[in-house]
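Visitor: Any chance you could fold what I've pasted below:
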Amino acid sequence: MAKVEDRFVKVYSQGNGLTSSQIDVFVDKVTGINYMFCQAGYAGGLTPLLDPDGKPVVTVVDKKN
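Guide: Numbering: from 1, shown residues only. Next up is the predicted model:
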């Protein structure tokens, strides 16, 4: 598998960083799977985003980059 620089790209952000909570969505440029990262105070969590059928949300990625 080829090395990928900057494998994850942030595609969405909610919260201004001044409040105690922040939500970001990242896309894996290799698989296209979307992940949500939620931070509240000093705690945080990461999970794949799922569609109504329970399958991961996948964004079509340009394989050239």
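Visitor: so which strand or helix has the most centrally placed residue in the chain?
Guide: What sits nearest the mean C-alpha location of the chain, by C-alpha atoms, centre = their mean, is residue 26, with 2.0 Å. Residue 26 belongs to strand 21-28 when assigned by DSSP states H and E.
Visitor: Quickly run through the sheet partners of that strand, with directions.
Guide: Note on strand 21-28: by DSSP bridges, its sheet partners are strand 8-14 (antiparallel), strand 34-40 (antiparallel).
Visitor: what's the closest of the ones you listed to residue 58?
Guide: Comparing these by their distance to residue 58 (C-beta to C-beta), the top pick is strand 34-40, with 7.2 Å. From N, CA and C alone the C-beta is placed, and that goes for glycine too.
Visitor: coming back round to it: what separates the strand holding residue 26 from the chain centre, distance-wise?
Guide: From the chain centre to the centre of strand 21-28 is a distance of 5 Å (C-alpha atoms, centre = their mean, to the nearest Å).
Visitor: Residue 56: which of the strands paired with strand 21-28 is closest?
Guide: strand 34-40 (7.2 Å).
Visitor: which parts of that closest one are buried?
Guide: 34, 35, 36, 37, 39 (16 or more other C-beta atoms under 10 Å).
Visitor: how many neighbours does the closest residue to residue 41 other than its chain neighbours have?
Guide: Once flanking residues are discounted, residue 41 sits nearest to residue 20: 5.2 Å by C-beta to C-beta, 6 or more residues apart in numbering. Residue 20 has 10 neighbours, counted by other C-beta atoms under 10 Å.
Visitor: I'd guessed residue 20 sits against residue 43; true?
Guide: No. Judged on C-beta atoms under 8 Å, residue 20 makes no contact with residue 43 at a distance of 10.0 Å.
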